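Visitor: the sequence and its predicted three-dimensional model are supplied below.
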Amino acid sequence: MFRNSLRVKSLFKPCSSMLVTSRTREILFAPLACNFSDKPFSKVSKLPKQKPPSDDGLTRYPSLSSPQGILRGLDLFGTFVFSFSGCVTAGEAGMDLLGCMIVGTITAVGGGTLRDVFLGNMPVFWMTEVEYLWICLLTVLGTFFTYSSLAEKGFTTNSELMNWADALGVGAFCVIGAQNGIRSKLSKTVCIVCGMFTATFGGVIRDVLCQRPPRILHSKAEIYASTALAGAGTYIGLRSLKVSPIGRICGGFFVALGLRVAAWKMDLKLPTWAESPQNQIDLDRLESITNEKRMQEAKSLPK
């Protein structure tokens, strides 16, 4: 009896080892097999392909494989830069953390929000692409608690680095605004205005909330909205000439960028009606605000 049981066990032992071996082989080599077979397993492993962007559109996420993907990355970068400057302006106006968050976010996405409202694009872009909102909130939160130490190292909103970063944002925003107007099948003039709205009206709302004269409407500061108009106009003009998407994106972007760089380096300003007494009052007020800001930055610098 005992011998018979041993014989039964010996008969099942090779079978069990074969089952374990085949199971182990299946676990180890299934990932490799799914890549080269037509089994349903291979369909699960493949990622869905993204739709290619239109000539006047953007990819969903930043990418170096297309001009639209690069423009998306510059758009996100400009969102970071504008929310940083908006937070600093609100902080210098005496606002608390919540006020800085609201003003910083409005500075970054306010122009695009107004554009979408005027065009009837509902919901507005940052409600469906929530990463814009998170970039604004996280940037403002970090800026609010670290700007004093950054200012001590010379990193202020008037620094050379920030001027370059701001110029990159203006170049990207004006092109994207013009693209939105084209996709809405509007006239060329309105598309150019959409580019200017997108790049500058967040700053206009910021200045109004902080009780400052809007910088794009006065000659105290160098030209700003004009550069966005020129960039958007270049994009629309190149599109009318049937230039490729990469050509017109680069054209509009670099025209706006070059004009912004020339504006702050050469102090380019639009002419004003100098005889207006109100104009002189506004200029004096803007000059006093600028002097106060410079004094605050000088105090924050290390002695």
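Guide: Thanks, I have the structure now.

Visitor: which ones are touching the residue nearest to the spatial centre of the chain?
Guide: Taking C-alpha atoms, centre = their mean as the criterion, L76 is the residue nearest the geometric centre of the chain, at 2.1 Å. Counting by C-beta atoms under 8 Å, 6 or more residues apart in numbering, L76 touches 62, 131-132, 135. Bear in mind the C-beta positions are built from the backbone N, C-alpha and C, glycine included.

Visitor: just put the residues you listed in CSV and tack on secondary structure.
Guide: As requested, the contacts of L76 are exported to CSV (DSSP: H, G, I helix; E, B strand; the rest coil):
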residue, secondary structure
P62, coil
E131, helix
Y132, helix
I135, helix
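
Visitor: and the residues you listed, which is closest to F84?
Guide: Closest approach to F84 among the contacts of L76 (C-beta to C-beta): I135, at 10.3 Å.

Visitor: buried subset of the contacts of L76?
Guide: 62, 132, 135 (16 or more other C-beta atoms under 10 Å).

Visitor: specify which member of those is nearest to V255.
Guide: P62 (22.3 Å).

Visitor: ok, that closest one touching P53?
Guide: No: P62 lies out of contact with P53 (C-beta atoms under 8 Å); the separation is 11.9 Å.

Visitor: joint contacts of those two?
Guide: In contact with both P62 and P53: G69, using C-beta under 8 Å, 6+ apart.

Visitor: my read is that P213 contacts D207, right?
Guide: Yes: here P213 reaches D207: they are 6.7 Å apart, a contact under C-beta under 8 Å.

Visitor: what ranges do the helices span in the stretch 1-150 of the chain?
Guide: Secondary structure of the stretch 1-150 of the chain by DSSP state H, counting those that start in this stretch: the helices cover 2-36, 40-45, 67-92, 97-119, 125-128, 131-152.

Visitor: the shortest one packs against which elements?
Guide: The reference is to helix 125-128. helix 97-119, helix 131-152 (3 or more C-beta pairs under 8 Å, 6 or more residues apart in numbering; DSSP states H and E).

Visitor: at 6 Å instead, please
Guide: helix 97-119 (3 or more C-beta pairs under 6 Å, 6 or more residues apart in numbering; DSSP states H and E).

Visitor: off-centre distance for the helix it packs on?
Guide: Here the centre of helix 97-119 is set off from its chain's centre by 13 Å, with C-alpha atoms, centre = their mean, to the nearest Å.

Visitor: what's the answer for stretch 210-220, then?
Guide: Using C-alpha atoms, centre = their mean, the offset of stretch 210-220 from its chain centre is 24 Å.

Visitor: can you tell me the average pLDDT over that stretch?
Guide: Averaged across stretch 210-220, pLDDT comes to 86.

Visitor: could you export it as CSV, CA atoms only?
Guide: In CSV, the C-alpha atoms belonging to stretch 210-220 read as follows (Å, rounded to 0.1, in the frame of the first residue of the first chain):
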residue,chain,number,x,y,z
CYS,A,210,-3.7,97.2,-8.0
GLN,A,211,-5.0,100.7,-8.7
ARG,A,212,-2.2,101.5,-11.1
PRO,A,213,-2.5,103.2,-14.5
PRO,A,214,-2.4,100.4,-17.1
ARG,A,215,1.1,100.3,-18.5
ILE,A,216,0.0,99.6,-22.1
LEU,A,217,-2.1,102.8,-22.3
HIS,A,218,0.7,105.2,-21.2
SER,A,219,4.0,106.2,-22.5
LYS,A,220,5.8,106.0,-19.1
